[in-house]
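Colleague: Need the 3D shape of this:
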Amino acid sequence: MKIAYVLILLPFLLAEIASAAEMYRWVDADGKVHYTDTRPPTTAKSAQKKELGSRAGKAQMPYSLQQAMKNFPVTLYNSKCGEPCINAIELLTNRGIPFSKKSPENTPADAESLKKIVGGELIVPVLVVGNDILKGFEKGSWNSALDLAGYPKSSILPKLSITPDTTAD
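Modeller: Prediction:
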């Protein structure tokens, strides 16, 4: 029976804790610093609102993934090339790897960029991991390049962060 009361009161307790996450720092007329969870008086000097735990509930990207992205950004050049382009997107999505997707078929700037990278050809898919360029989809070599760059073998992102897109541009 006590468990039922706890379950009923739990939402109210959580709401109270969330509201208590708001704190104020202020200085009184005598120069004494105060920290309170209530608004400071109007006579307070240098009052500041501090929001504790304001990031609670927001997904943070894991540090290891942030480092891999910083040191070895991933770009995928693809178009409507069928199964190879679909497999390329699925591989990156399943591993939870943030990447920029460029479509040389639809965007002239992307086409020029791809030509510079691969030496004048317009082939897709092409994966760029940092300075490594991989032409055509080959799962083993793509996984090796991503592993060496420090990307996770499987997604470490929260489920809501990944929106699988298996359609080629």
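Colleague: use CA for all of it now, contacts and neighbours both
Modeller: OK.
Colleague: can you give me the helices in the protein?
Modeller: 2-19, 63-71, 83-94, 108-118, 139-148 (DSSP state H).
Colleague: Give me whichever of those helices is most buried.
Modeller: helix 83-94 (a mean of 19; mean count of other Cα atoms under 10 Å).
Colleague: tell me the centre residue of the protein?
Modeller: Met61 (4.7 Å; Cα atoms, centre = their mean).
Colleague: That one touches Leu157, doesn't it?
Modeller: Yes: counting by Cα atoms under 8 Å, Met61 does reach Leu157; the two are 6.8 Å apart.
Colleague: what's around Glu138, how many residues?
Modeller: Other residues lying near Glu138 total 13 when counted by other Cα atoms under 10 Å.
Colleague: and the gap between Val33 and Cys81?
Modeller: Going from Val33 to Cys81 by Cα to Cα, to the nearest Å gives 65 Å.
Colleague: Where does the prediction get shaky in the chain?
Modeller: Along the chain, the model assigns pLDDT under 70 to residues 1-22, 50-59, 158-169.
Colleague: again, only using 90
Modeller: Judged by pLDDT under 90, the chain has its weakly predicted residues at 1-64, 80, 106, 119-122, 155-169.
Colleague: How is it partitioned into domains?
Modeller: Domain assignment for the chain by automatic domain parsing gives 2-51, 63-161.
Colleague: Nearest residue to Glu112 in space, please, no chain neighbours.
Modeller: Pro104 (7.7 Å; Cα to Cα, 6 or more residues apart in numbering).
Colleague: hang on, isn't the one you found packed against Lys115?
Modeller: No: counting by Cα under 8 Å, Lys115 is not a contact partner of Pro104; they are 9.1 Å apart.
Colleague: what's the overlap in contacts for the two?
Modeller: Leu122 (Cα atoms under 8 Å, 6 or more residues apart in numbering).
Colleague: who does Ile133 bridge with?
Modeller: Val128 (DSSP bridges).
Colleague: Could you do Tyr35 as well?
Modeller: Going by DSSP bridges, Tyr35 forms beta bridges with Arg25.
Colleague: now the one 10 residues further on
Modeller: Judged by DSSP bridges, the bridge partners of Lys45 are Val27.
Colleague: any idea how far Pro104 is from the residue nearest to Gly150 when sequence neighbours are not counted?
Modeller: Using Cα to Cα, 6+ apart and skipping the chain neighbours, the partner closest in space to Gly150 is Ala68 (5.5 Å). Going from Ala68 to Pro104 by Cα to Cα gives 25 Å.
Colleague: Right, I'll call it a day here.
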